[in-house]
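Novice: Dropping a prediction and its sequence here:
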Amino acid sequence: MTRTSETASGTPSGPAARSGATGRGGTVARGGSVRAGGPAGRPDGSTGAGGPAGPGDPVTLSTEGLPGWLEPVVRVVETVRPVQLSRFLPPENGTGRQSAVLVLFGEGERGPELLLMERASSLRSHAGQPSFPGGALDPEDGDPQGDGPLRAALREAEEETGLDPKGVQLFGVLPRLYIPVSGFVVTPVLGWWHTPTPVDVVDPAETARVFTVPVADLTDPGNRATAVHPSGHRGPAFLVESALVWGFTAGIIDRLLHYAGWELPWDRDKQVPLDWRS
């Protein structure tokens with residue numbers, strides 16, 4: 001499978017068109033700086049291009065050279081507060097399993113897109129759900145309060161989808177969030193897929209499929225709904241690429257679209273019921 005799903009050729013639409021950028025035109029020129037200690041930066045404030053690294057090598061963040069249409073996302077990373085993303089925040093006592101996901105933006109035939117995967121139905125946690133690549137931090141990933149989440153996000157994406165980390169520039173980190181049902185404390189790591197390579201299922205025991213979704217489809221009001229779980233939980237959902245994206249992943253996408261100014265009015269009364277196995 002190539003990195004792009006079945007999409008039709010056409011002119012860029014959605015956020016790329018509204019920002020005035022077409023193709024790879026325009027860049028975010030910020031000198032590669034990130035705010036130390038803020039939601040966008042590492043605790044030491046270091047910067048650089050994200051990519052593969054051996055034990056002890058730094059994996060850092062850079063906003064230098066990003067396409068212009070990512071400017072609103074960079075602003076979100078720099079300014080968003082945890083409570084603006086979710087009401088589920090990490091326990092104050094420090095419990096929870098540290099993990100990270102890679103929110104990877106690329107550019108396909110229909111403009112900006114996101115890389116997603118569908119988890120295998122045999123997994124114990126979040127089986128069968130579309131999600132960002134990611135997983136728990138391993139000891140070799142390093143400090144969970146430092147560059148550990150950056151390493152984990154790239155490592156997990158490579159293990160799950162075959163992604164080549166050399167083609168990824170990490171440019172931001174969102175505040176840590178919590179998934180109560182599984183006890184994961186999740187750090188969303190944002191990246192720019194500047195040099196795309198083929199991706200596909202690496203281990204069928206973990207991943208059912210790998211696919212990309214145009215941002216234009218995610219902002220399309222016809223593809224949006226509210227997912228309703230039998231427990232009473234309600235949250236945003238996206239019906240895209242023959243998949244129902246809901247839960248933690250949909251929540252992150254929903255908030256990024258909203259605060260980046262890409263969200264279009266949609267019918268929040270349109271419901272998609274979930275079952276107890278969800």
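Specialist: Cool, got the structure. Residues are numbered from 1 along each chain as shown.
Novice: phi, psi of residue 248?
Specialist: Backbone torsions for residue 248, taken as degrees, to the nearest 10, come to phi -60, psi -50.
Novice: residues in contact with residue 104?
Specialist: Contacts for residue 104 (C-beta atoms under 8 Å, 6 or more residues apart in numbering) come out as 114, 115, 132, 133, 157, 163, 168, 190, 191, 192, 193. Backbone N, C-alpha and C define where each C-beta goes, glycine included.
Novice: what's the burial count for the last one?
Specialist: The tally of other residues near residue 193 (other C-beta atoms under 10 Å) stands at 23.
Novice: Same question for the first one.
Specialist: A total of 23 residues lie near residue 114 under the criterion other C-beta under 10 Å.
Novice: State the distance from it to residue 249.
Specialist: Here residue 114 is placed at a distance of 10 Å from residue 249 (C-beta to C-beta, to the nearest Å).
Novice: Tell me how many other residues surround the closest residue to residue 168 other than its chain neighbours.
Specialist: Excluding the flanking residues, the one nearest residue 168 by C-beta to C-beta, 6 or more residues apart in numbering is residue 191, at 4.6 Å. Residue 191 has 26 neighbours, counted by other C-beta under 10 Å.
Novice: Pretty sure residue 191 sits in a strand.
Specialist: Yes: the assignment for residue 191 is a strand, going by DSSP: H, G, I helix; E, B strand; the rest coil.
Novice: Is it bridged to anything, and to what?
Specialist: On the basis of DSSP bridges, residue 191 is bridged to residue 104, residue 170.
Novice: Return the residues in contact with it.
Specialist: Residue 191 neighbours (C-beta under 8 Å, 6+ apart): 50, 102, 103, 104, 105, 153, 168, 169, 170, 171.
Novice: any chance you could map the helices in this structure?
Specialist: 15-18, 71-79, 82-85, 148-161, 215-219, 247-259 (DSSP state H).
Novice: And residue 222, how far from residue 134?
Specialist: To residue 134, residue 222 is 28 Å away according to C-beta to C-beta.
Novice: of these two, who's got more company?
Specialist: When neighbours are counted by other C-beta under 10 Å, residue 222 and residue 134 differ, and residue 134 comes out ahead with 25 against 11.
Novice: Please tell me I have it right and that one contacts residue 151.
Specialist: No: under the criterion of C-beta atoms under 8 Å, residue 134 makes no contact with residue 151, lying 11.8 Å away.
Novice: Report the spatially nearest residue to the residue most central in space within the chain, omitting neighbours in sequence.
Specialist: The centroid of the chain falls nearest to residue 103 when counting by C-alpha atoms, centre = their mean (2.0 Å). Of all residues not flanking residue 103 in the chain, residue 190 sits nearest, at 4.8 Å (C-beta to C-beta, 6+ apart).
Novice: so what's the closest residue to residue 250 other than its chain neighbours bridging to?
Specialist: Nearest non-adjacent residue to residue 250, counting by C-beta to C-beta, 6+ apart: residue 236, 4.9 Å away. Beta-bridge partners recorded for residue 236 (DSSP bridges): residue 226.
Novice: Tell me which residues touch residue 236, please.
Specialist: Contacts of residue 236 (C-beta under 8 Å, 6+ apart): 224, 225, 226, 227, 246, 250, 251, 253, 254.
Novice: per-residue pLDDT, it?
Specialist: Note on residue 236: pLDDT of 98.
Novice: go on, residue 15?
Specialist: So, for residue 15, pLDDT stands at 55.
Novice: what do you get for residue 181?
Specialist: 87.
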